[in-house]
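Student: Next one to model:
(chains A and B)
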Number of protein chains: 2
Amino acid sequence: MTQPTLYTVFSPALLHLYDVSNTIVVVIDVLRATSTIATVLYNGAREIIPVDSVERCIQLGKELECITAGERDGQVAPGLQYGNSSFEYPRDFVEGKTLVLTTTNGTKLLHMALAKGATEIITGSFLNLSAVCEHLKQMKKNVILGCAGWKDRVNMEDSLFAGAVVDAVKDDFAINCDSSRMAENLYQLGRNDLYGFMKRNEASHYHRLTNFGLEKDIRHCLTPDLANILPEYYNGKLVLQS
Amino acid sequence: MTQPTLYTVFSPALLHLYDVSNTIVVVIDVLRATSTIATVLYNGAREIIPVDSVERCIQLGKELECITAGERDGQVAPGLQYGNSSFEYPRDFVEGKTLVLTTTNGTKLLHMALAKGATEIITGSFLNLSAVCEHLKQMKKNVILGCAGWKDRVNMEDSLFAGAVVDAVKDDFAINCDSSRMAENLYQLGRNDLYGFMKRNEASHYHRLTNFGLEKDIRHCLTPDLANILPEYYNGKLVLQS
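Tutor: Numbers count the residues shown, from 1 in each chain, chains lettered A, B, ... in the order given. This next block holds a predicted model:
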């Protein structure tokens, strides 16, 4: 039997090179959008509405009377209530609620995947690594691991996560994709101490967030399965896959 | 003193994200354009004229009465005389001659770098690794390592070469670039047996060329310093840097 294919796309600016239709796209923005998404849904939020601009976020927040959240360049965006840290969203705050979320890179990639006709869009982060991998193995469909990167530049942490997925699911897929192999090797180098690997390699996002005092966030976002659920993008909203 | 910057660009489709002006661009197309370029100039050819289409290659070949060479999808392009293998260009054939060369990926990136205002464009391959690194260290200018990839997709061998350069010159540059760090780690993993690394990781180009019976070419192109000269693109031609 022919195995489904798996490709890793290191930047949204490379997504056009791949056939996204009939494909599950895993949107990856480890620091920090897809980590926050996993946490918020894990902690019982009803839904997250991802939007691509701060203006739209403010507008929807008023219309729906819900929490507005998001960051630009690593900090709470002006006009929004909350930022992009998992620690801002404990269960007693978000349970049953709706969030409107805008982020620099993750939301953009999600909308691109939708526009290109992905059959299913889920979000991945180390916090829900196992849930993502189990799902991909069960579905037996073509997969694209879409790294959000940083303003279309390739980044370390999204590549590491792609590598973690490749490492876990590779026996179930036909992988004729150098990016996937590069990511897998990178992950195997760093897996025993992802934080140390990021620091030692002077990853750009490690520097950016450390400058904002967010070491704790980085460590959290690099820890597997702390919020091990599967967020799916459906009908304009991110919800727990049922 | 501020050090010059160094960035690695994994695909021509990402070059627009970087400031190419006032920068030395190293065009990297290990399998096989930039390896062939190093070999042909090392073996005494007067110059190589890179062009982006087979038609232009044939036309210029007639006008200048010179050797026409190039490949499409890994094989000699229809209408041209020679392909993209170093072994086709021994000294007794190419010495003093002019080649017109068209390739799938390398030529395209070279013309992009030119259009974007690079101050200097050189070509890099394992065959001339040391010459490239020595030059970059001497010049003390901003550098972009431009991987040609395969039809804009990221590939293993160009990334490995970028990593080899990063490994050799990193003390002389400010490197705030995750791609460079990823390439460096990849190279450190593979450096002791680049061919085995390509094979073990099922690199797409390893498969493609092996299917054409070109294992010998791959091994040759992964061997450091066999044609250790510095090709520079100047006035529409690749020549030995004087």
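Student: Tell me which stretches of chain A form helices.
Tutor: A:33-42, A:54-64, A:91-94, A:106-115, A:129-139, A:156-169, A:178-190, A:194-200, A:204-211, A:215-221 (DSSP state H).
Student: Mind listing what's buried along the fourth one?
Tutor: When burial is assessed from 16 or more other Cβ atoms under 10 Å in any protein chain shown, helix A:106-115 yields the following buried residues: A:106-113. C-betas here are computed from N, CA, C, even on glycine.
Student: in chain A, which helix or strand is least confident?
Tutor: Across the helices and strands of chain A, mean confidence by mean pLDDT, DSSP states H and E is lowest for strand A:75-76: a mean of 80.
Student: So which elements touch that one?
Tutor: Identification of packing neighbours for strand A:75-76 by 3 or more Cβ pairs under 8 Å, 6 or more residues apart in numbering or on different chains; DSSP states H and E yields no helix or strand.
Student: Name the surrounding residues that touch that strand.
Tutor: With Cβ atoms under 8 Å, 6 or more residues apart in numbering or on different chains as the test, strand A:75-76 has contacts from A:70, A:82-84, A:212.
Student: go again using 7 Å as the cut-off
Tutor: If you take Cβ atoms under 7 Å, 6 or more residues apart in numbering or on different chains as the criterion, strand A:75-76 is touched by A:82-83, A:212.
Student: same check, this time on stretch A:168-176
Tutor: Residues outside stretch A:168-176 that contact it (Cβ under 7 Å, 6+ apart) are A:3-6, A:133, A:136-137, A:143, A:166, B:204.
Student: Low-confidence regions, chain A specifically.
Tutor: A:74 (pLDDT under 70).
Student: Which positions in it make contact with chain B?
Tutor: Contacts of chain A with chain B, taken as Cβ under 7 Å from any Cβ of the partner chain, map to A:10-11, A:13-14, A:17, A:152-156, A:159, A:176, A:178-179, A:181-182, A:185-186, A:189, A:201-204.
Student: Just the buried ones from the residues you listed?
Tutor: Applying 16+ other Cβ under 10 Å to those flags A:10-11, A:13-14, A:17, A:152-156, A:159, A:178-179, A:181-182, A:185-186, A:189, A:201, A:203-204 as buried.
Student: How much space separates the closest residue to residue A:160 other than its chain neighbours from residue A:123?
Tutor: Leaving out its chain neighbours, the residue that sits closest to residue A:160 by Cβ to Cβ, 6 or more residues apart in numbering or on different chains is residue A:187, at 5.3 Å. Residue A:187 is 18 Å from residue A:123, where distance means Cβ to Cβ, to the nearest Å.
Student: if you count what's nearby, which of these two comes out ahead?
Tutor: residue A:123 (30 against 21; other Cβ atoms under 10 Å in any protein chain shown).
Student: okay, now the nearest residue to the more buried one once chain neighbours are set aside: neighbour count?
Tutor: Using Cβ to Cβ, 6+ apart and skipping the chain neighbours, the partner closest in space to residue A:123 is residue A:34 (4.3 Å). Applying other Cβ under 10 Å, we find 32 residues neighbouring residue A:34.
Student: Confirm for me that residue A:34 is in contact with residue A:106.
Tutor: Yes. Judged on Cβ atoms under 7 Å, residue A:34 makes contact with residue A:106 at a distance of 5.7 Å.
Student: Now for the two: what residues contact both?
Tutor: With Cβ under 7 Å, 6+ apart, residue A:34 and residue A:106 have common neighbours residue A:27.
Student: Tell me which residue of chain A is furthest from the middle?
Tutor: residue A:1 (30.9 Å; Cα atoms, centre = their mean).
Student: how close does it sit to residue B:10?
Tutor: For residue A:1 relative to residue B:10 (Cβ to Cβ), the value is 33 Å.
Student: for residue A:71, same thing?
Tutor: 26 Å.
Student: what do you get for residue A:198?
Tutor: 19 Å.
Student: again with residue A:214
Tutor: 27 Å.
Student: Repeat that for residue A:227.
Tutor: For residue A:227 relative to residue B:10 (Cβ to Cβ), the value is 31 Å.
Student: excluding its backbone neighbours, what's nearest residue A:110?
Tutor: residue A:27 (4.9 Å).
Student: Give the bridge partners for that neighbour, please.
Tutor: Legend: beta-bridge partners of residue A:27 under DSSP bridges are residue A:123, residue A:146.
Student: which residues touch it?
Tutor: So residue A:27 contacts A:34, A:106, A:109-110, A:113, A:121, A:123-124, A:146, A:148 (Cβ under 7 Å, 6+ apart).
Student: if we go to 6 Å?
Tutor: Contacts for residue A:27 were tallied using Cβ atoms under 6 Å, 6 or more residues apart in numbering or on different chains; they are A:109-110, A:123, A:146.
Student: And for residue A:178?
Tutor: Taking Cβ under 6 Å, 6+ apart, one finds B:154-156, B:203-204 in contact with residue A:178.
Student: again, only this time at 8 Å
Tutor: B:153-156, B:159, B:201, B:203-205.
Student: Then residue A:116?
Tutor: Per Cβ under 8 Å, 6+ apart, neighbours of residue A:116: A:15-16, A:20-21.
Student: With neighbour count added, can I get those residues in TSV?
Tutor: Below are those laid out as TSV (neighbours: other Cβ atoms under 10 Å in any protein chain shown):
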residue	neighbour count
A:15	22
A:16	12
A:20	23
A:21	10
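Student: Hmm, residue A:183 is touching residue A:155, no?
Tutor: No. Assessed by Cβ atoms under 8 Å, residue A:183 is found out of contact with residue A:155, at 11.5 Å.
Student: next one: phi and psi at the nearest residue to residue A:126 once chain neighbours are set aside?
Tutor: Closest residue to residue A:126 apart from its sequence neighbours, by Cβ to Cβ, 6+ apart: residue A:224 at 5.1 Å. Backbone geometry at residue A:224, expressed as degrees, to the nearest 10, gives phi -70, psi 140.
Student: Surely residue A:224 touches residue A:132?
Tutor: No. If you go by Cβ under 8 Å, residue A:224 and residue A:132 don't touch, sitting 10.6 Å apart.
Student: More neighbours: which of the two?
Tutor: residue A:132 (30 against 15).
Student: show me the contacts for the more buried one.
Tutor: A:26, A:122, A:124, A:165, A:230.
Student: Most neighbours among the residues you listed, which one?
Tutor: residue A:124 (32 neighbours).
Student: ok, now which ones touch that residue?
Tutor: Contact analysis of residue A:124 by Cβ under 8 Å, 6+ apart lists A:26-28, A:34, A:132, A:145, A:161, A:165.
Student: if you set the cut-off to 6 Å instead, what comes out?
Tutor: Residue A:124 touches A:26, A:28, A:34, A:132, counting by Cβ under 6 Å, 6+ apart.
Student: Need these in JSON lines (columns: distance to residue A:237).
Tutor: Formatted as JSON lines, these follow (distance: Cβ to Cβ, whole Å):
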{"residue": "A:26", "distance to residue A:237": "18"}
{"residue": "A:28", "distance to residue A:237": "19"}
{"residue": "A:34", "distance to residue A:237": "15"}
{"residue": "A:132", "distance to residue A:237": "19"}
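Student: So which of these is the closest to residue B:39?
Tutor: residue A:28 (40.1 Å; Cβ to Cβ).
Student: my read: the residue nearest to residue A:160 touches residue A:164, true?
Tutor: Yes. Contact criterion Cβ atoms under 6 Å: residue A:187 and residue A:164 qualify, at 5.0 Å.
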